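Student: Predicted coordinates and the sequence they were generated for:
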Amino acid sequence: AQGSKAPVQKLVDKIAGIFVPVIIGIALLTFGLWCLFAPTAGFSHGLLAMITVLIIACPCALGLATPTALIVGIGKGAEHGILIKDATSLEIARKIDTIVLDKTGTITEDNGVILPEPLKQRAESWLKEAKTVVWFSHSTQALAIIAITDEIKPTSLQAIRQMEKMGLTVYMLTGDNVGTAQAIARKANIGHYRSGVLPHDKAIFIEQLQQKGAQVAMVGDGINDSAALAQADLSIAMGKGSDIAMETAMVTILSSDLLKIPETIRLSRLTVKTIRQNLFWAFIYNLVSIPIAAGILYPVCGFLLNPMIGGAAMAFSSVSVVSNSLRLKRKKISLIPRGNEVRIEEVEPINKKVMKKRFTIDGMMCGHCRAHVEEALNSIDGVKAIVTLDPPEATIEFADKEISLNELQQIVQNKAGDYKLHDSK
């Protein structure tokens, strides 16, 4: 990975291919001008200036600008459990504006949680919560039931919030039914989701997003995700998933922790920023030093740069580029201190009485609208709200007493804007 070339490096190589003959031309021109305009000492001064130009303009800094930053960036990713397959993947990650997440094994744990319980009323309650209910019986009587449900990973909610703060649009795709998909989307605070999606449908969905101009990253862990991973602009596999997913993916998250996704994008942005800084200083160095080496200051103050000083300056430019790249090792790519992750409690205490209602919302157009409405509702004491964009609705839990629709509407209008709430039928 560290030996691969990013697209920006290929551009730099083309520039370096032009740069060398141009510098040779400038050096010969410098010698000619000295001989022409300074007949007495023109030959010696011109020869000195020509040699200095050739020494000081060595394209070492230009050549080191990109690979040194990439080596440090890829190494830093590996330290954090982010394996980046090649330099192109690291550069592409910063351009991503849409994240598509597989559900099972990515947002949720790969193994379902089994909840045993007796009997009918609890079964009805579980069905409303989109859990899979399994009945045990003999020929005439039910004996027991269990519910199987996906357990959301402890850090998934925090990771999804972090992605949205970074300006990313998050989608969830799953082959499960609508009820299960809706329940997981609410728990994970995801505004866009699709249910009943087959493996080839995932790739088609990503292609549709790309046709709309989106730069899409696909995150998955199974064989059924491989087509979508291959279609995406950036493919990310979970390290606990299938081998074929990791083989297809450009990036592998060893811990299968979704918090590593925003870390990967931040690492990409920091690495590309470092590359640009390196290229800036490399070009500025040549832009300033070459005229001085050619003797532009000689008519003004009689200064002519010594070739040895030119050699030292050339070496210093390379050292400065490498040093700037090494600064990347000290950058923090995790924006969330460990231990402060938001964790989701799947099982509510049995004696806790919570009233839950659902409302449809008019006027939400994007993720920012959804976030504003959710923030306004959650500012109310005793209210826990989850708002989704597709479908546009709010699921609200009242811990103490139910708040009327008119009161909720007034608070949303005051704090979020002109959004209309209606009782869900």
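Tutor: Cool, got the structure. Here the structure is a predicted model, which means the values were calculated and not measured.
Student: distance of the residue nearest the centre of the chain from Ser334?
Tutor: By C-alpha atoms, centre = their mean, the chain has its centre lying nearest to Ile265, at 3.0 Å. Using C-beta to C-beta, to the nearest Å, Ile265 is found at 12 Å from Ser334. (C-beta placed from N, C-alpha, C; glycine too.)
Student: and the closest residue to Leu198 other than its chain neighbours, what does it touch?
Tutor: Nearest non-adjacent residue to Leu198, counting by C-beta to C-beta, 6 or more residues apart in numbering: Gly175, 6.6 Å away. Contacts for Gly175 (C-beta atoms under 8 Å, 6 or more residues apart in numbering) come out as 195-198, 224.
Student: can you rerun that using 10 Å?
Tutor: Contact analysis of Gly175 by C-beta atoms under 10 Å, 6 or more residues apart in numbering lists 102-104, 181, 194-199, 201-202, 224.
Student: Spell out for me the ChimeraX command that would select the buried members of those residues.
Tutor: To isolate the buried members of the contacts of Gly175 in ChimeraX, using 16 or more other C-beta atoms under 10 Å:
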select :102,103,104,181,194,195,197,199,202,224
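Student: Going by distance to Lys10, which of the contacts of Gly175 wins?
Tutor: Nearest to Lys10 out of the contacts of Gly175 is Lys202 (C-beta to C-beta; 31.1 Å).
Student: Got phi/psi on the residue nearest to Leu198?
Tutor: phi -80, psi 0 (degrees, to the nearest 10).
Student: Can you check what pLDDT the model gives it?
Tutor: With respect to pLDDT, Gly175 scores 86.
Student: and if you look at Glu117?
Tutor: Reading off the model, Glu117 has pLDDT 61.
Student: Flag every buried residue along stretch 159-177.
Tutor: 159-164, 166, 168-176.
Student: Show me these that map onto helices.
Tutor: Mapping those onto helices (DSSP state H) picks out 159-164.
Student: the bottom helix or strand of this protein by mean pLDDT?
Tutor: strand 113-117 (a mean of 58; mean pLDDT, DSSP states H and E).
Student: Tell me which residues are up against the very next helix or strand once past that one.
Tutor: Sequence-wise, the next helix or strand downstream of strand 113-117 (DSSP states H and E) is helix 120-128. Helix 120-128 is contacted from outside by 115, 117, 131-135, 142, 145-149, 179, 183, 356, using C-beta under 10 Å, 6+ apart.
Student: and the two most separated of these?
Tutor: Ala142 and Lys356 (26.9 Å).
Student: Could you list the low-confidence segments of the stretch 201-350 of the chain?
Tutor: 335-350 (pLDDT under 70).
Student: Do a quick rundown of the helices in the stretch 101-250 of the chain.
Tutor: 120-128, 156-165, 178-188, 199-211, 226-231, 243-248 (DSSP state H, counting those that start in this stretch).
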